[in-house]
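What shape does this take:
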Amino acid sequence: MTASAQEAARLLSRLAAEGATVHDLPETIRPASFAAAYAIQDAALAGAAPYGWKVGPSNQPGTLAAAPLRGAAALPSPHALSADDAATLGVEVEVAVTLGADLPTDATPDQVAAGIVGIHLAYELFRSRYADRKAVAFPSLLADHLSNAGIVLGSGQPFDPDLRLDTLEIELLRDDAPVATTATGPTLDAVLAQLAWLATHAAARGIPLRAGTVILTGARIGPLPVTPARQLQANAAIGSVTLTIPS
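Below you'll find the predicted structure:
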């Protein structure tokens with residue numbers, strides 16, 4: 001691990017703790033490749049295994065990218081945000097899976113399916129360490145854990161290999177008023193293929209996917225700002241997830 005990766009990880013961690021932003025990482029420590037961005041992620045982990053991951057398509061057609069989830073653990077739903085956090089966070093409504101078994105380092109989609117114990121509705125808490133995340137190159141975004149600031153894990157159900165994820169209807173309510181709906185997403189086969197890639201990717205970094213790991217499979221709604229709202233609730237056939245903002 002290089003000194004520049006460690007310096008970049010320290011800077012991003014400090015910005016996350018302070019709720020501050022920069023225009024981009026300083027040029028001397030700015031990653032120019034996916035490999036350099038992953039080295040910064042690894043430096044932030046400091047040898048600890050994350051409780052979860054996010055995975056999805058990168059900015060390069062036909063390729064995937066992944067990032068460890070920030071925080072010590074998934075937050076349970078319903079979760080109350082502070083007013084300060086609510087003012088600076090966005091949310092994405094996502095489908096998350098939890099693993100009930102360790103995955104092989106070269107897991108096939110069928111082995112991934114056998115290792116999934118539950119499927120849940122979740123919020124990804126979304127906050128960039130960049131003043132304008134659309135103005136920086138993808139490796140800088142990747143080094144910043146793809147803007148992850150934690151997750152809220154909602155209710156779910158046992159994994160069903162026949163679930164039609166691609167037509168799963170999800171509705172988001174802001175203070176009981178509908179604000180967004182979707183009934184489109186990746187197929188279950190596509191999600192299992194992404195998780196198989198992640199199993200190999202994580203193992204290559206020395207942090208294989210273990211039982212209990214939570215994995216976000218991509219945004220279905222959002223990102224949307226949390227405020228103005230006192231409650232955000234998302235509902236689907238698989239479960240629900242709720243955020244509240246105290247008065």
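
Closest to the centroid, which residue in the chain?
residue 54 (3.7 Å; Cα atoms, centre = their mean).

and it, which of the three is it?
strand (DSSP: H, G, I helix; E, B strand; the rest coil).

Could you double-check that it lies in contact with residue 66?
Yes - taking contacts as Cβ atoms under 8 Å, residue 54 lies within contact range of residue 66: 6.7 Å. (Each C-beta comes from the backbone N, C-alpha and C, glycine too.)

got the buried residues for stretch 153-160?
Neighbour counts over stretch 153-160 (16 or more other Cβ atoms under 10 Å) mark 153-156, 159 as buried.

Narrow these to those in strands?
Per DSSP state E, strands hold the following members of the buried residues of stretch 153-160: 153-156.

Any chance of those in JSON lines with pLDDT and distance to residue 121 as columns?
Converted to JSON lines, these look like this (pLDDT from 0 to 100; distance: Cβ to Cβ, whole Å):
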{"residue": "153", "pLDDT": "98", "distance to residue 121": "9"}
{"residue": "154", "pLDDT": "98", "distance to residue 121": "4"}
{"residue": "155", "pLDDT": "97", "distance to residue 121": "7"}
{"residue": "156", "pLDDT": "97", "distance to residue 121": "7"}
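
out of the residues you listed, who's nearest residue 204?
Of all those, residue 204 sits closest to residue 153, with 26.4 Å by Cβ to Cβ.

got any ranges where this protein has weak pLDDT?
1 (pLDDT under 70).

in it, which spans are strands?
52-57, 64-68, 75-76, 79-80, 90-99, 116-126, 148-158, 170-174, 177-182, 214-225, 231-236, 239-244.

Please name the strands paired to the last one in the sheet, noting orientation.
By that I understand strand 239-244. strand 79-80 (parallel), strand 231-236 (antiparallel) (DSSP bridges).

do the same with the fifth one
Neighbouring strands of strand 90-99 in its sheet, by DSSP bridges, are strand 116-126 (antiparallel), strand 214-225 (antiparallel).

hmm, back to that, most tightly surrounded among the strands paired with strand 239-244?
strand 231-236 (a mean of 21; mean count of other Cβ atoms under 10 Å).

contacts for it?
Residues external to strand 231-236 that are found in contact with it (Cβ atoms under 8 Å, 6 or more residues apart in numbering): 91, 93, 121, 123, 154, 168-176, 221, 226, 240-245.

are any of the residues you listed buried, and which?
Among the contacts of strand 231-236, those scoring as buried are 91, 93, 121, 123, 154, 168, 170-174, 221, 226, 240-245 (criterion: 16+ other Cβ under 10 Å).

What spatial separation is found between the closest residue to residue 239 other than its chain neighbours and residue 166?
Of all residues not flanking residue 239 in the chain, residue 155 sits nearest, at 3.6 Å (Cβ to Cβ, 6 or more residues apart in numbering). Residue 155 is 21 Å from residue 166, where distance means Cβ to Cβ, to the nearest Å.
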